[in-house]
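Participant: make a model of this:
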Amino acid sequence: MRKILFFDVDGTLMEDNAAHFVPESTKQALRLAHAAGHLLYVNTGRPLCNVDADVHELGFDGYLCGCGTYIECEGKECFYQTVSPDVMEKMVELVRAVDAAPLYEHRDGFFFDPHTRELPFILEIRSTFRMQEKNIYRSTQDKDFAFDKFVIAYDEQTDLDAFKAGIAPYFTFVDRGYGFAEMHPHNCSKGLAMEFVLRHHGLAKAQSYAIGDSLNDLTMLRAAGTGIAMGDGEKLIPHADYVTAKLRENGIYKAMEHFGFFEKA
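Facilitator: Numbers count the residues shown, from 1 in each chain. The predicted structure is shown next:
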């Protein structure tokens, strides 16, 4: 039976840092699964512009980006949604009012806000993007400012309750821990994007698998027939059907071998 596997990127396919280390065992597992006739999809919170060449070269059948705001199947764009101008304006004002530090993410780029504090987490992201030679100078002041989803860094000065209340009509709040949170539109998520792809390929939920490492992968695991957590995904492990090894301990290979992805579809 043909299977489909959805992969988170950071902390799952590769290390969540500038090194972007992908174990050779992971690359081998992907090749074996494709040779066996199974489908492999990226399912990431990253916008399309931040899915780098080191991910594309792994040869996936499609990409679910920006927490389901963009869906690409077999080289064709199948779905895309961005935030309306009036909601964008409300969110910019809200983030400033609650004293958080944002990063606004669009499929074509990133936007920072010069009128907010620069908390360490956002500074670290900016530094990583600079090393990757990405444009870090786009801002909320630009005429082409737009976003599909956004993240914030927050601390004890941030009025988090007011922020959650302000986004409630429009966005889902996903606390990533360590003073970092991710917001995606209510009608978009990793899980809903998976359901779209399953319909596209005419596959049943029982044929689907998802693997991740953090709580922003929770909707993905719930949408899958089988949800897999990486060995160091402490917050996600309680929600998983199966726990594999850590990334550097060949976790992807071991999970794919365990669930028969190297066997002919």
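Participant: and stretch 111-130, what's its mean pLDDT?
Facilitator: Per-residue pLDDT over stretch 111-130 has a mean of 94.
Participant: who's in contact with the residue nearest to Gly177 when sequence neighbours are not counted?
Facilitator: Leaving aside its sequence neighbours, Gly177 sits nearest to Lys235 (Cβ to Cβ, 6 or more residues apart in numbering; 7.1 Å). Where C-beta positions appear, they are placed from N, C-alpha and C, glycine not excepted. Listed by Cβ atoms under 8 Å, 6 or more residues apart in numbering, the contact partners of Lys235 are Gly177, Ser214, Leu215.
Participant: burial count for the first one?
Facilitator: Gly177 has 10 neighbouring residues, counting by other Cβ atoms under 10 Å.
Participant: over to it: give its phi and psi.
Facilitator: Backbone torsions for Gly177, taken as degrees, to the nearest 10, come to phi 90, psi 160.
Participant: ok, the contacts of Lys235 vs Ala223, which is closest?
Facilitator: Relative to Ala223, the closest of the contacts of Lys235 is Leu215; by Cβ to Cβ it sits at 14.6 Å.
Participant: residue ranges of the strands in the chain, please?
Facilitator: Taking DSSP state E, the strands of the chain run over residues 4-7, 39-43, 62-65, 70-73, 76-80, 101-106, 109-111, 149-153, 171-175, 180-185, 208-212, 226-229, 242-243.
Participant: my read is that His201 contacts Leu39, right?
Facilitator: Yes. With contact defined as Cβ atoms under 8 Å, His201 counts as touching Leu39 (6.6 Å).
Participant: neighbour count winner among the two?
Facilitator: The neighbour comparison of His201 against Leu39 (other Cβ under 10 Å) goes to Leu39, with 23 against 16.
Participant: do you know the pLDDT at the closest residue in space to the more buried one that isn't next to it in sequence?
Facilitator: Counting by Cβ to Cβ, 6+ apart, Leu39 lies nearest to Ile4, which is 4.1 Å off, once chain neighbours are set aside. Looking at Ile4, its pLDDT reads 98.
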